[in-house]
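**Student:** okay, here's the prediction I keep looking at, along with the sequence it came from:
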Amino acid sequence: YARGAKSELSSDFSAAFHLYLAAADKFIHISRSGSLNSTLRARCQASATRALERAEKIKRASERPRASFAIDIVPIDWFAQEQQHYILRRSSVINGIRYPMWTDAVPAAGPNVLYISPRFPSWNRPVTPMHLPLTSPIAPVVSAPNVDLTPADIEQHLINDCSVCAMISVCVQHARMFDSKASLLSSIYPGQQPGRYDIKVLINGTYRRVTIDDALPFDSNGNPIGITTGIKNVLWPALLEKAYMKLMGGYDFPGSNSAIDLHALSGWIPEFIDLHSTPFEKERTWTRLLSGFHKGHCVLTVGTDSRTTRRIKGLRLLPSHNYAVIDIRETADDRWMTLLDSRVPNRSSLRNSADTLDMRWDDLCATFEGVYASWDPKLFHQELSFHGMWKPGNAEDREQSCIRHLRLLYSCTSRSSQSSRDTYPVSDNDVWVLLTRHLPDTRRTGEYITVTVDAEDEWAGTGTSPGSVPPLTGGTYTTSTHVLVRTKVRAISGALTVLACYDGPFDDVCFTVSVFCGSGLSIKWDEMMVKRPTFHLQVEGAFTTKNSGGNHSYPTYMLNPQWHLRILEQETISKAVSPVATVIVTAQGARDVPLNLTAVWSSGERVIEIAQREVVATSGAYAYGYARAFANLPSGDYTIILSAFEPQVHLGAFTLKVESSRKFVLEPIPQEGDGMYARVTRGEWNMQSAGGSPNHGRYHLNPVYEVDIPSTAQFGARLHLTSASPSTPLNLSLFPAVDLFPSNRPLASSGSYSDALAGVDIPKRTLQAGKYWLVPSTWAAGVQAGFKLVVYCSDSGCVVRRRSE
């Protein structure tokens, strides 16, 4: 700090800035030492604050318009151990209570360490040991060996934590089936004092310590409010519930899902399977769940949506409720799941004494909202984690700071015999990516996240014909704190692009990306600090009903926003200079608008249709709210096309950003007919008017449109089908309105008959004042179809009408 002050006094502001930051980092590090007393810790923290304030003052002064100095700000190395540790430390406080990392020194009991809510009339300790003997201070607590819990023993009372009860039920069943110690029990440790317990919980990126005592809530009549185990009188489920309720803000729990709960209490990987989503594969999912369940690789629950009112076999399903899946089986004639409801008030309504309900898989898929699966992380060969932050408060680009781009490098090692078996839950080339949003306040709302994973070479050189539309699979935003993406790698080695996205009103939101891979892969983060391209430009725009053309399977694709990108020649040529430019194009829009970016070779003109050989870069699958394309391009001209998935459906503002290692020029490409007046007409060829080409001798029967131009003007026209129809070549011809067809040669034509998806057009040309006839036709006679005819004219008085017979 003293060296920083000395540099500041000598006007060496850049050196002072970095010395102050280094001093602040040292003070913070010292303040975290467990050997410091409270007075020294407070002094260190105050010194760190003072150093940061001096550094911030210098930074603000350097940003003034006529500042006489500048400071070199070193970019943050997010992969550095100190930075990763900083994120985890920052996420230690949840709902105002600090939860230390499990590896930290064990804190003494103090304010807020134990949890007793004033909401309930009484908190009582168990009179008997309740089958929970204490073991050594370093070993977890285990259940008494003579107590055999069953899933039906888990009882939910007044607390709205059906997900927690269902989660404990399926873990009890898993322990019974595979003769293993319940993974939940391994998270309960005896505290430093009798009646105290430390619960090991995976939350906000790492395992943390939640300290509780064994006092449990009861109502005014002395009845338990939380989880019980009936006459078996086992305590550990209630302790887990109390620890989790403390972590989530109290017993007025707003609800969750069992997979997320189990991830916190055991580290098993959560997966939500939406039974009503378009990508859902009923048969493949059944095979995967059946295999995983009976091999002990996963546990399952199912959940209803908020509108459920259905009654099945006498049981009224509750809305927004979780049910434990305690059995999966196939019979000779059907497939079944056995469900258990832990809620005590509903048990009398069940049909059998076992409190269970058997449902066919097909019926379950039609009835429930989703399946919550939890997968054993021991299935995977390797695990990586990255801790980061969205929307830092001092970010220059607030929009782009909502997206974090990570690069995962992979290489194949060996292949096992199970790699080709679809029934095995995890194959050798599997990569699972789990995004977790950290929780500083469990009652916060309005936050959405998503994650997309793409192989960098997956879309390079792929066809873009109407038969190969990039799918709508990427990145659906959700309010859940966890999002899982499963993918497979195809190449021997390569890289995966991982985009972790956030949409919400808060700054400095921390997150964790965890990656799991099969036994045939080796993975690592690309930690190289890639220098951002030197030159960049950002433009704003919006999808409207006039320029939202949809994906390239629609004839309106040409209407999408397009830009002419010209990459300039390198001014200085040397061996050290790359012959190509590194170009990154990103687009961001609303979270409900699926986006795609495509760059093609061109001369800077508007692209009407895309050919496979012309594509130089694409963002791949349509992803909600964000698209990113990367390429190394030589100097020259290109056209960038931004599209939403559906035409005139996905609308709203967007931001396009181009970054390049070379100087470039980016200009918007005008729409067809820009600056001219458009006259739109819809028509059809029916049995009487489908005359076909002149070769059929019925050309005069085609629809004829009279175009009246009051003065000399620019003219153009386009014709396309209103619905896709393969192999329907079209032509549009312009004749003088003197006789029906005075000659076989029109004044202007779209050329040879073409079946291009975007239709055919008469290029812009000058016409004298007068009347003209436009004739749309198909090559074959008798083709009945609807069409759209657009006439562009620079004279506002131009009139287009159907010629009467």
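**Tutor:** Arrived safely, thanks for sending.
**Student:** gap between the one residue sitting closest to the centre of the chain and N551?
**Tutor:** By C-alpha atoms, centre = their mean, the chain has its centre lying nearest to T450, at 2.1 Å. Distance, T450 to N551, by C-beta to C-beta, to the nearest Å: 20 Å. C-beta coordinates here come from the backbone N, C-alpha and C atoms, glycine included.
**Student:** hey, where'd the strands end up in the stretch 251-400 of the chain?
**Tutor:** Under the criterion DSSP state E, counting those that start in this stretch, the stretch 251-400 of the chain contains strands at 269-274, 298-303, 311-312, 315-316, 322-330, 335-340, 356-360, 370-375, 382-390.
**Student:** try the stretch 551-700 of the chain
**Tutor:** 562-567, 581-589, 594-601, 615-618, 622-624, 626-633, 636-644, 652-660, 664-668, 677-685.
**Student:** ok so the residue nearest to the centre of the chain is a helix residue?
**Tutor:** No: according to DSSP: H, G, I helix; E, B strand; the rest coil, T450 belongs to no helix; its state is strand.
**Student:** who's in contact with it?
**Tutor:** 435, 475-478, 483, 501, 591, 623-625 (C-beta atoms under 8 Å, 6 or more residues apart in numbering).
**Student:** related to what we said a few turns ago, TSV for the strands of the stretch 251-400 of the chain, including mean neighbour count and distance to E646?
**Tutor:** Shown next, in TSV, are the strands of the stretch 251-400 of the chain (neighbours: other C-beta atoms under 10 Å; distance: least, C-beta to C-beta, whole Å):
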stretch	mean neighbour count	distance to E646
strand 269-274	20	20
strand 298-303	26	29
strand 311-312	12	36
strand 315-316	15	38
strand 322-330	23	34
strand 335-340	21	35
strand 356-360	18	35
strand 370-375	25	25
strand 382-390	19	28
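**Student:** on that earlier part again, the contacts of T450 in helices, which ones?
**Tutor:** Of the contacts of T450, none are assigned to helices by DSSP state H.
**Student:** show the pLDDT at the nearest residue in space to S374 that is not next to it in sequence.
**Tutor:** In this structure, S374 finds its nearest non-sequential neighbour in W268, 4.0 Å apart by C-beta to C-beta, 6 or more residues apart in numbering. Looking at W268, its pLDDT reads 95.
**Student:** cool, and the one 10 residues further on?
**Tutor:** Note for T278: predicted pLDDT of 82.
**Student:** so which of the strands of the stretch 551-700 of the chain is nearest S723?
**Tutor:** Of all the strands of the stretch 551-700 of the chain, it is strand 677-685 that lies closest to S723, at 11.0 Å by C-beta to C-beta.
**Student:** and the average pLDDT for the biggest helix by length in the chain is what?
**Tutor:** Ranked by residue count and defined by DSSP H, the top helix of the chain is helix 38-62. On average, the pLDDT along helix 38-62 is 83.
**Student:** that helix: which residues count as buried?
**Tutor:** For helix 38-62, a neighbour-count test (16 or more other C-beta atoms under 10 Å) marks 44, 47-48, 51-52, 54-55, 58-59, 62 as buried.
**Student:** and for stretch 151-165?
**Tutor:** For stretch 151-165, by 16+ other C-beta under 10 Å, it's 151-157, 159-165.
**Student:** of those residues, closest to I640?
**Tutor:** Closest to I640, out of all of the buried residues of stretch 151-165 and judged by C-beta to C-beta, is S163, at 45.5 Å.
**Student:** which residues does the residue nearest to the centre of the chain bridge with?
**Tutor:** C501 (DSSP bridges).
**Student:** circling back: look up how far A373 lies from the residue nearest to S374.
**Tutor:** Applying C-beta to C-beta to W268 and A373 gives a distance of 9 Å.
**Student:** what's the overlap in contacts for the two?
**Tutor:** In contact with both W268 and A373: 259, 298-299, using C-beta under 8 Å, 6+ apart.
**Student:** so can I have CSV of those residues showing distance to V170?
**Tutor:** Below are the shared contacts of W268 and A373 laid out as CSV (distance: C-beta to C-beta, whole Å):
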residue, distance to V170
A259, 10
C298, 9
V299, 4
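**Student:** just send the residues you listed back as JSON lines, with pLDDT and distance to S794 too.
**Tutor:** As requested, these are exported to JSON lines (pLDDT from 0 to 100; distance: C-beta to C-beta, whole Å):
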{"residue": "A259", "pLDDT": "95", "distance to S794": "62"}
{"residue": "C298", "pLDDT": "94", "distance to S794": "67"}
{"residue": "V299", "pLDDT": "95", "distance to S794": "69"}
